[in-house]
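> Okay, predicted coordinates and the sequence, questions at the end:
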Amino acid sequence: MTRQNNAWRIALPLFLIVFTQSLAAQEFIWQHVGSPSGAVIQSLSTNSEGRSLAASRNDNLYLSSGSDKSWRLLPVQISRVARVVLSDDDLIFATGSGGLYFSDDDGLSWTKVIDLDVRAMAFGGKPEPYLLFSNNLVEQGVRIFDVKTQADRPSSAGLDLVQTRFLGDLAFSSTEAQYLVVDRRSVWRRDNEHSNWRLQIPTGHIISRILVSPRDRIILATSNGMFEYKPSSDRLLPIFDNDDTAIVAEHATAAADGSFLVSTEFGELFRLAPDSDRWTDHSNYWTSSIRALQQAPDGTILLGTSSGVLTAEDIRGDVNEYSLGMRELRYIDFTRGSDGDFYVLSDYALYHSEDRGRSWRNTWHPGRSFTEGNRSLSVDHNDVLYLAEGSKLYYSKDKGSDWHSLGNMGGDVTQTLVVGSDLYVATSLGDIIHFHDFEHLASYDLAQKINKLVIHPDGELWALTEGGMYTSQDNGSNWLLSGLAGEALYDIVESRDSQWLVGGKSGLWRVGSRGETWNYLSVREISALHPIYGGFVALSRGNILFSQDGLTWQEVTVADPVEKVSRLHAIDGKLYALARDEGVYESSGRATFVNEALPRKSLPARVGLASNPITSSGVVQVELGEPGPLTIAVYSLSGELVLQRKLPALPAGRHSLPLAWSVLAPAAYILQLKARADCHSRVILKTR
């Protein structure tokens, strides 16, 4: 800050940027980077031909031949889809809150065959196969859907539907016998569809699934673990893992080879071999968030997860993505390492690509699925990945293969900044947590949500917050307000002549080299700024803007139709845009202008001080180009409002406005003037 003894006047021009919607947008050269496919899988079914059927949480159904590793979206949407069945004859059944749906032409046409809320279903029977299902309306009991007549009929002989409260899972044996879970605590059996149901297995456990292998081995999944029923001795035997621990299954299936697969709520995966009495643990990082599982006749394991379908040739094999054609992921963040690798964060998974987006693998933390909270992704100059999940922060030094926790940061992580061996973590509660070599060193409280941390070329830390910009000259121990108290600021980039551009909720400012002056430029919200192509790009409410000088801006299209962009990055001279529903777009250059730049309208409004330093008799001089309200505020460097004058209406023209400067002690302050949307700020010195 420069001091002068003689009185002088500072004139700060106010500019208002006007955007004309009728003009064509600035053209960039874009190409879509192959983004990961996937969906949150709720149910899976595989037939003897290796074909698979999958149902997603978005109530979509997908069919795959299995040979080309891709899925085809079927033309039906079922509300709250619960279970799907794909028979060996390629008959498709799907249940939801609306009833039972059926297709016999690979999902091209559908018929709603049952208008009941189906609880469970199983496909089998001899000589003509049929679908056996139970429902929540117990008075309807168990019913059969006959594929040949496409009609349903009751099949509850022997069941006391008056006393029964709940009908659950169903299963077929290879000998046509059928099993039914009744009131969650017992299993009933009948020899075929023409015989009566009878109580077979009374238990004291809550039963979630009954599984029957092709060898007629019967396994019950209960709240107290897994049990095998021995019909010959009428005994129920517990089956533990090798550590004598009970396995409580979240999902389970009987495989074609006579084995059983179960997964738990903790992402564990266990297998029971055909002749074994112990579960073998096959958990791995890729088993996290399993929601459905199947084993194909050739031994291939299919896992329905929160990020799509994963496959392995066998239970010990390497896992592969198998979600091509599923376009349900919501993309949250994107970054690129110095080696060119891409990383995309979706709403349920983190993906890594080593071939510029042609293929992807899920690389998130072992055994975990995302919880609620803000999530973000970044990579430093050493290619260390940082993944924030709400207030928790993780890092990986090996492209996501192994993750380590830095702990709970208190508030949601808003940014990570790496300077040499030092890591600064900013949070939504205004905390800055300082790590050195990943060991906690210190914590600082700024008491404002921090949106952006930067290092000034002089070594100062600058923090853009929800309440203005603060600077620190001692690595974050002490902070002083630099400007725009009360304004939400989001991003900052170095401009020309050692000045800066700062974007925020109310618009864009040009800032002095040390943050001492703030000139208002634009009324459009700016959440991201990057220097590129000889100018600047900005992100404004999902739209990309381009400017060569920071004053006149033009909209940039990404795709046709224009996608709303959630993240914008400039890396090694290339611009990357992340569209929430479409994934990553890369721009390798800027085409020629196709029209004149969007016009900028300048308002002849000026504000200034009679002198700086200012004395108790000093005045603020304002020249307004149009009538309107004006607020003059003075803040201490700690951010406290110490003096304010509100003028509800001033006519256009020049005004000299006194303030009660005498109540202020001699010190440096922030003077802030706001007229309508325009806001200016500068450092002043108050003398005696």
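Sure thing, it's come through. Since this is a predicted model, take the numbers as computed values, not measurements.
> just for the stretch 551-688 of the chain, where's the confidence low?
By pLDDT under 70, the low-scoring segments of the stretch 551-688 of the chain are 559-563, 590-611, 676-677.
> In the stretch 401-550 of the chain, where is pLDDT below threshold?
Counting by pLDDT under 70, the ranges of the stretch 401-550 of the chain that qualify are 523.
> actually the stretch 151-300 of the chain, not the one I typed
The model of the stretch 151-300 of the chain has pLDDT under 70 over residues 284-288.
> can you pull out the strands in it?
151-154, 167-172, 178-182, 186-190, 198-202, 207-212, 218-222, 225-230, 235-241, 251-254, 260-263, 269-272, 278-281, 290-295 (DSSP state E, counting those that start in this stretch).
> With mean neighbour count and distance to residue 88 added, can I get these in TSV?
C-betas here are computed from N, CA, C, even on glycine. Output for those, formatted as TSV (neighbours: other C-beta atoms under 10 Å; distance: least, C-beta to C-beta, whole Å):
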stretch	mean neighbour count	distance to residue 88
strand 151-154	13	21
strand 167-172	22	13
strand 178-182	24	18
strand 186-190	21	23
strand 198-202	15	27
strand 207-212	22	17
strand 218-222	23	22
strand 225-230	19	26
strand 235-241	15	29
strand 251-254	22	15
strand 260-263	26	20
strand 269-272	23	24
strand 278-281	17	28
strand 290-295	23	14
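> can you list those strands in CSV and add distance to residue 556?
Shown next, in CSV, are the strands of the stretch 151-300 of the chain (distance: least, C-beta to C-beta, whole Å):
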stretch, distance to residue 556
strand 151-154, 57
strand 167-172, 55
strand 178-182, 58
strand 186-190, 63
strand 198-202, 66
strand 207-212, 53
strand 218-222, 54
strand 225-230, 57
strand 235-241, 57
strand 251-254, 46
strand 260-263, 45
strand 269-272, 46
strand 278-281, 52
strand 290-295, 39
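> quick one, which of the ones you listed is nearest to residue 56?
Within the strands of the stretch 151-300 of the chain, the stretch nearest residue 56 is strand 290-295; the backing value is 9.8 Å (C-beta to C-beta).
> what lines up beside the closest one in the sheet?
strand 301-305 (antiparallel) (DSSP bridges).
> Extract the CA atoms of the partner strand and return them as PDB.
What follows is strand 301-305, C-alpha atoms only, in PDB (Å, rounded to 0.1, in the frame of the first residue of the first chain):
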ATOM      1  CA  ILE A 301     -18.800 -64.600 -11.100                       C
ATOM      2  CA  LEU A 302     -21.100 -61.600 -11.700                       C
ATOM      3  CA  LEU A 303     -21.300 -58.900  -9.000                       C
ATOM      4  CA  GLY A 304     -23.900 -56.200  -9.100                       C
ATOM      5  CA  THR A 305     -22.400 -53.300  -7.300                       C
END
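> so for that strand, what's the average pLDDT?
Model confidence over strand 301-305 averages 85 on the pLDDT scale.
> What's the first helix or strand after that strand?
Later in the chain than strand 301-305, the nearest helix or strand by DSSP states H and E is strand 308-312.
> Identify all contacting residues around that following strand.
With contact meaning C-beta atoms under 8 Å, 6 or more residues apart in numbering, strand 308-312 is reached by 36-39, 41, 44, 52, 54, 71, 286, 300-303, 318-323, 326, 329, 349, 362.
> That strand - what's its average pLDDT?
82.
> what's the angle from it to strand 301-305?
160 degrees (axes from the mean of the first three to the mean of the last three C-alpha atoms, to 10 degrees).
> can you pull the buried residues of strand 308-312?
Buried residues in strand 308-312, counted by 16 or more other C-beta atoms under 10 Å: 308-312.
> Check the offset of it from the chain's centre.
Relative to its chain's centre, strand 308-312 lies at 20 Å (C-alpha atoms, centre = their mean, to the nearest Å).
> Kindly report the same for stretch 107-118.
Offset of stretch 107-118 from its chain centre (C-alpha atoms, centre = their mean): 33 Å.
> For that stretch, buried residues please.
Buried-residue list, stretch 107-118, by 16+ other C-beta under 10 Å: 107, 110, 113-114, 116-118.
> sorry, back to before: got CSV for the buried residues of strand 308-312, with distance to residue 636 too?
What follows is the buried residues of strand 308-312, written out as CSV (distance: C-beta to C-beta, whole Å):
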residue, distance to residue 636
308, 54
309, 59
310, 57
311, 62
312, 62
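> Just give me the closest of the buried residues of stretch 107-118 to residue 99.
Using C-beta to C-beta, these come closest to residue 99 at residue 114, 4.8 Å.
> Need the pLDDT of the spatially most central residue of the chain.
Central residue of the chain (C-alpha atoms, centre = their mean): residue 347, 2.7 Å from the mean position. Per-residue confidence (pLDDT) for residue 347: 78.
> Please apply the same query to the one 4 residues further on.
Among the per-residue scores, residue 351 shows a pLDDT of 86.
> I figured it was touching residue 334, is that so?
No. Residue 351 lies out of contact with residue 334 (C-beta atoms under 8 Å); the separation is 9.8 Å.
> hey, what's in contact with both of those two?
Common contacts of residue 351 and residue 334 (C-beta under 8 Å, 6+ apart): 343-345.
> JSON lines for these, including secondary structure?
Formatted as JSON lines, those follow (DSSP: H, G, I helix; E, B strand; the rest coil):
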{"residue": "343", "secondary structure": "strand"}
{"residue": "344", "secondary structure": "strand"}
{"residue": "345", "secondary structure": "strand"}
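> nearest to residue 214, of those residues?
For those, the nearest to residue 214 is residue 344 (40.8 Å; C-beta to C-beta).
> next structured bit after whichever strand or helix holds residue 31?
Following DSSP H and E, one finds residue 31 within strand 28-32. Per DSSP H and E, the first helix or strand lying C-terminal to strand 28-32 is strand 41-46.
> Quick one: mean pLDDT over that following strand.
On average, strand 41-46 scores 91.
> Same question for stretch 93-112.
On average, stretch 93-112 scores 88.
> Can you point out the buried residues in that stretch?
For stretch 93-112, burial by neighbour count (16+ other C-beta under 10 Å) applies to 93-96, 98-104, 107, 110.
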